[in-house]
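> Quick one: sequence plus predicted model below, questions after.
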Amino acid sequence: MNIRPFDIGMDEMYQALLLFWIPVAVVPLGIWVFLSFANHKEKNIGKFLAFVGFTMVCLSPWTVPSSPSSAAGHLLGAIVGPIVLILIGLYLISFSGNVPVGRLPKSDRKLGVFMNLVGFIWLVGMHWWILTPQLSKGDVNPYWYVFWPTLLLFIASLSSFSAIALLTIGVDRKKEANSIFMLSGLSFLLLFLGLNVDGPLITAELFREHLWLSVADLAGLLVGSLLSILVFAIVIFVYERNLPPPQTISPPTKDELEKVADIVSNHLGGEQE
Amino acid sequence: MIEKKLVFTWRLMILAFILPLLLILAIDISISSGIQGFDSEMAFTRFANATLTAYTLCSLVLLGNLFFYGESRNRPLAPLVGMFCATILGILATIFFIDQGPMLLEDNGSVRAQAIYNIVHMLVSAGAVLVALGVSLGVTFSAITSQKQRSDFLFEEE
């Protein structure tokens, strides 16, 4: 994809802030508004905000070409097709099966499988065919090297985890666990192929280097998030511990006890109702 | 027939999670007698940057969460200030460590460029993690719903 920038005659920093960072922030804000409010009007505003933010991030390689961060917008635009196909395909497969509510027609299952296949082949074609996200001819989007190994590794790990969870927690779920193991095996196979077979633009050596970096990334993500959760827990704990104990109230008087006894005796039995 | 059942333990679950990575390492080590393409210095730099960025971004999200926690308690300031300080500490630590020189500075020329790169990098990694989570959950759910309906209750004849 060749990128030809728009020239809007604005300072590069403000351009990046206005056309990339604010839209990036608007996407989660829109999702939050959509999920938090019950009112239809506010829900629609949330949907609109998320859509506008998302579109502007995807357009950022054209609107803010000077910012290196816009490569992330370029990647988002490149992967949104296969990812949406896979996720909608999974939705169709899941809800055309044995679900008690919201069941879809059986024919949707075939459509779901087809969408999954197309999405999967599309993603694989980004590594081993001509579909690799490129900022200019031969210049592979640097964030593709982050996204692809992380995705494969995490799918392999999570599927292995959920298959074992299904075997240990579920009852007679061997068949289902085997299907999930297949997904784990497929991701593992792709990782293994990536480490040994060159693509037209991505060599096995480069993929290998980025795979280890993505492991470091995931470890850092885990440690950093756990640390912040720990600090959060400590802040809450310290605050709750420093709160004064709740005020004790005086015991009930004789009159109050008699009144309670009356009410209780009036509600015992139930044979009159 | 009574089927032998695996027992749930966290050790087993963690092992299941890291199994693909361990397998790749094992194959790589046995084929090429070492981990090829692994640069410990670069990996450390990435790990440290990811840790600092994840801490700061996650603290920011939790700070927002704390604001709503306070809503049910007459909005006390103390925990908000505490979490705000923790977030600022993360930002300052990131700036300080990146400023130390090539240790955390990747291919970027300045602290600001590296910090912005870290955030975008984290967003891409987190996006990949979310997509992977969606795919794994979706496949698990579709595998369960694809099977024939079964009854979990056996009615005994009276």
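Everything's here; your move.
> and the residue nearest to B:L19 when sequence neighbours are not counted, what pLDDT?
Residue nearest to B:L19 in three dimensions, not counting chain neighbours: A:S160, with 5.2 Å by C-beta to C-beta, 6 or more residues apart in numbering or on different chains. In short, each C-beta sits where N, CA and C put it, glycine included. Predicted confidence (pLDDT) for A:S160: 92.
> And the one 4 residues further on, by the same measure?
At A:I164, the model reports a pLDDT of 91.
> Likewise for the one 4 residues further on?
pLDDT for A:T168: 88.
> re the thing from before, in which helix or strand does the residue nearest to B:L19 reside?
Per DSSP states H and E, A:S160 falls inside helix A:144-169.
> Following element in sequence after that helix, please.
Heading C-terminal from helix A:144-169 (DSSP H and E), you reach helix A:174-196.
> what angle sits between that next one and helix A:144-169?
160 degrees (axes from the mean of the first three to the mean of the last three C-alpha atoms, to 10 degrees).
> how many neighbours does residue 45 have?
No chain specified, so I'll use chain A. By other C-beta atoms under 10 Å in any protein chain shown, 15 other residues sit near A:I45.
> looking at chain B here, not the other one
As a burial measure, B:T45 scores 18 neighbours (other C-beta under 10 Å).
> and it, helix, strand or coil?
Assigned by DSSP: H, G, I helix; E, B strand; the rest coil, the conformation of B:T45 is helix.
> show me what contacts it?
By C-beta atoms under 8 Å, 6 or more residues apart in numbering or on different chains, B:T45 lies in contact with B:M103, B:L104, B:E106.
> mind redoing it with 6 Å?
B:L104 (C-beta atoms under 6 Å, 6 or more residues apart in numbering or on different chains).
> quick one, longest helix in chain B?
Counting residues, the longest helix found in chain B (DSSP state H) is helix B:111-146.
> which parts of that helix are buried?
For helix B:111-146, a neighbour-count test (16 or more other C-beta atoms under 10 Å in any protein chain shown) marks B:111, B:113-129, B:131-132, B:134-136, B:138-146 as buried.
> what do you get for stretch A:17-36?
In stretch A:17-36, counting by 16+ other C-beta under 10 Å, buried: A:L18, A:L19, A:F20, A:W21, A:P23, A:V24, A:V26, A:V27, A:G30, A:I31, A:V33, A:F34.
> Now A:L49: closest residue in space, sequence neighbours ignored.
Here the residue nearest A:L49, using C-beta to C-beta, 6+ apart, is A:G30, at 3.2 Å.
> That neighbour and A:G46 touch, don't they?
Yes. The pair A:G30 and A:G46 passes the contact test of C-beta atoms under 6 Å, sitting 4.8 Å apart.
> Which strands or helices does the longest helix of chain B pack on?
helix A:70-95, helix A:144-169, helix A:174-196, helix B:40-71, helix B:78-99 (3 or more C-beta pairs under 6 Å, 6 or more residues apart in numbering or on different chains; DSSP states H and E).
> Pick the most deeply packed of the ones you listed.
For the helices and strands packed on helix B:111-146, the largest average neighbour count (mean count of other C-beta atoms under 10 Å in any protein chain shown) is found in helix A:144-169, namely a mean of 24.
> That one to helix B:40-71, inter-axis angle?
60 degrees.
> got the angle for the helix holding A:S160 vs helix B:111-146?
40 degrees.
> Against which helices or strands is helix A:144-169 packed?
helix A:174-196, helix A:204-242, helix B:10-32, helix B:111-146.
> What is the subsequent helix or strand relative to the second one?
Which is helix A:204-242. Per DSSP H and E, the helix or strand that comes after helix A:204-242 is helix A:254-266.
> ok, which residues in the stretch 151-273 of chain A are in contact with chain B?
The stretch 151-273 of chain A has residues A:151, A:154-162, A:164, A:167-169, A:176, A:179-180, A:183, A:188, A:208-209, A:212-213, A:216-217, A:219-221, A:223-225, A:227-228, A:231-232, A:235, A:239 near chain B, with proximity defined as C-beta under 6 Å from any C-beta of the partner chain.
> where does chain A have its least confident helix or strand?
helix A:12-16 (a mean of 78; mean pLDDT, DSSP states H and E).
> For that helix, could you pull out the residues that count as buried?
Buried-residue list, helix A:12-16, by 16+ other C-beta under 10 Å: A:Q15, A:A16.
> does that helix come close to chain B?
No. Using C-beta under 6 Å from any C-beta, helix A:12-16 stays clear of chain B, with a minimum separation of 8.6 Å.
> After that helix, which helix or strand is next? Please name it.
helix A:22-36.
> Just the angle for whichever helix or strand comes after that next one relative to helix A:70-95, thanks.
Once helix A:22-36 ends, the next helix or strand along the chain (criterion: DSSP H and E) is helix A:40-63. Between helix A:40-63 and helix A:70-95, the angle comes out at 140 degrees (the same axes, to 10 degrees).
> pLDDT (mean, whole number) over the longest helix of chain B?
89.
> before we move on, what about stretch B:67-75?
Mean pLDDT, stretch B:67-75: 69.
> same question, stretch A:234-254
84.
> tell me which residues in it are buried?
Neighbour counts over stretch A:234-254 (16+ other C-beta under 10 Å) mark A:V235, A:I236, A:Y239 as buried.
> The last one and B:V81 touch, don't they?
Just to be clear, that refers to A:Y239. No. Assessed by C-beta under 6 Å, A:Y239 is found out of contact with B:V81, at 9.9 Å.
> for the helices and strands packed on helix B:111-146, which one sits closest to B:D28?
The closest of the helices and strands packed on helix B:111-146 to B:D28 is helix A:174-196. By C-beta to C-beta, the value is 7.2 Å.
> shaky segments in chain A?
A:1-10, A:270-273 (pLDDT under 70).
> Show me it divided up by domain.
Here chain A is described, according to automatic domain parsing, as comprising the domains A:1-67, A:73-136, A:143-241.
> I'd like those written out as TSV, with distance to B:L77 added.
Listed next are the domains of chain A as TSV, based on distance: least, C-beta to C-beta, whole Å:
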stretch	distance to B:L77
domain A:1-67	23
domain A:73-136	38
domain A:143-241	10
